[in-house]
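>>> Just a sequence and a predicted model for now, questions to come.
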Amino acid sequence: MQAIQDSYPDNVAHCYGCGSQNAHGHRIRTFQEGEETVTRFTPEAYHTAIPGFVYGGLLASLIDCHGTATAAAARYRAEGREIGSAPVLRFVTASLSVSFLKPTPLGGELEIRGRVKELRGRKVIVEASVFADGVETVRGEVVAAEMPASFGN
Ligand SMILES: CCCCCCCC(=O)SCCNC(=O)CCNC(=O)[C@H](O)C(C)(C)COP(=O)(O)OP(=O)(O)OC[C@H]1O[C@@H](n2cnc3c(N)ncnc32)[C@H](O)[C@@H]1OP(=O)(O)O
């Protein structure tokens, strides 16, 4: 199945969280499921915070990259365009907020589910949650902004 990240051009596919070209990264893959998006990720033993539980920074990065992918998909949908069609849309994180509701157990697959809260102009606000065994352990919000052509300058 085609993931949203599969549509990222090679020159922006090096992100540590979601770049398919980053051999050391998480390489998350996000799929549209109706009005929601879903990513599945299984943390490794070295993603430990306190033994038995997942490191919060990893969980934040899953929300982050799931959010920017959800934002891109939402904009394509709003424009009635196929994901990845030219001109390619790229979103970066303007703001990320994360609440750790419960400790997230280490040792199984996590599910990250996202939905669009607001889509306006060059900005998309995405809400996303991490679930472990169906229990919501983390909730976050990503403000994703369309990457300006001048990015980095
Ligand atoms: C392409 C695949 C890569 C995937 C990336 C994965 C996630 C990442 O790790 S990205 C790396 C981390 N993020 C960055 O480095 C971004 C650095 N910041 C920037 O480049 C700029 O500040 C940027 C692009 C976010 C916003 O620039 P700006 O000139 O304000 O853009 P602009 O187009 O005017 O603003 C867009 C909208 O976002 C809003 N906005 C900008 N920053 C923020 C913020 N911090 N909080 C809330 N809203 C914000 C603006 O108010 C504007 O909203 P509106 O349209 O309602 O007025």
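Noted; the coordinates are in hand.

>>> only C-alpha atoms for contact and neighbour calcs from this point on.
OK.

>>> so how far is Val92 from the nearest residue to Glu35 once chain neighbours are set aside?
Nearest in space to Glu35, with sequence neighbours left out and distances taken as Cα to Cα, 6 or more residues apart in numbering, is Arg115 at 6.8 Å. Arg115 sits 17 Å away from Val92, going by Cα to Cα, to the nearest Å.

>>> go on, Val124?
Distance from Val124 to Val92, by Cα to Cα: 10 Å.

>>> what do those two both touch?
Listed as contacting both Val124 and Val92 by Cα atoms under 8 Å, 6 or more residues apart in numbering are Ala144, Ala145.

>>> partner strands of the helix or strand hosting Val124, parallel or antiparallel?
Here Val124, judged by DSSP states H and E, is contained in strand 123-132. Strand 123-132 has the following strand partners under DSSP bridges: strand 110-120 (antiparallel), strand 135-146 (antiparallel).

>>> Within range of the ligand, give me the residues from this protein.
Near the ligand, the residues belonging to the chain are 12, 15, 64-65, 68, 90-95, 121-123, 143, 145, 147-148, 151 when assessed by Cα under 6 Å from any ligand atom.

>>> Give me the buried entries from these.
In terms of neighbour count (16 or more other Cα atoms under 10 Å), the buried residues within the residues of the chain next to the ligand are Asp64, Cys65, Thr68, Arg90, Phe91, Val92, Thr93, Lys123, Val143, Ala145, Met147.
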